[in-house]
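**Student:** No letters, just coordinates:
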């Protein structure tokens, strides 16, 4: 089943907003886009992050380290697929180019990742319940 055009546009806007929060170093607002019981899986991590507060602590630490190093991050999201599920949740899959550079310099591509999320609606907004990030070449 495909998402309606209206739902697809809504989710596209969600990801644009969500990634800008990370790039603008707003870790609290970024973490607030996850459910209380969210799961976050990422390459290079030995542990899976469980819960919004664990995700918040991790992104706060990462944001501080990037700021201290004078490094700017940018995330480009594309090829978004949105699949509505019978229980009202959404399964999404998208590619993201993660770019980084020292402040004032042009960014270079740091990684190309495939992200798989489960989104849930809480009130009038979408939240991430589960995120799995895979570095593209490692998946094949």
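**Tutor:** The structure has been received and is ready for your questions. None of the values given here were measured: they were computed from a predicted structure. Residues are numbered from 1 along each chain as shown.
**Student:** Which stretches in the protein count as helices?
**Tutor:** 5-23, 27-31, 52-69 (DSSP state H).
**Student:** among those helices, which is nearest residue 82?
**Tutor:** Smallest distance to residue 82 across those (Cβ to Cβ): 5.0 Å, for helix 5-23. Glycine gets a C-beta too; all of them are placed from N, C-alpha and C.
**Student:** circling back to that earlier point, among the helices of the chain, which is the most enclosed?
**Tutor:** helix 27-31 (a mean of 18; mean count of other Cβ atoms under 10 Å).
**Student:** what about that helix, distance to the chain center?
**Tutor:** Computed by Cα atoms, centre = their mean, to the nearest Å, the separation of helix 27-31 from the middle of its chain amounts to 11 Å.
**Student:** Which strands or helices does that helix pack on?
**Tutor:** Applying 3 or more Cβ pairs under 8 Å, 6 or more residues apart in numbering; DSSP states H and E, we find helix 27-31 packed against helix 5-23, helix 52-69.
**Student:** which residues touch it?
**Tutor:** Contacts made with helix 27-31 from outside it, assessed by Cβ atoms under 8 Å, 6 or more residues apart in numbering, are listed as 18, 21, 22, 52, 53, 55, 56, 59, 60, 62, 63.
**Student:** for stretch 6-15, same thing?
**Tutor:** 3, 33, 77, 80, 82, 84, 90, 92, 94, 119, 125, 126.
**Student:** my read: the last one touches residue 119, true?
**Tutor:** It refers to residue 126. Yes: Residue 126 lies in contact with residue 119 (Cβ atoms under 8 Å); the separation is 4.7 Å.
**Student:** anything in contact with each of these two?
**Tutor:** Shared contacts of residue 126 and residue 119, defined by Cβ under 8 Å, 6+ apart, are found at 11, 14, 90.
**Student:** how about TSV for those, with pLDDT and distance to residue 44 added?
**Tutor:** Shown next, in TSV, are those (pLDDT from 0 to 100; distance: Cβ to Cβ, whole Å):
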residue	pLDDT	distance to residue 44
11	97	27
14	97	25
90	98	27
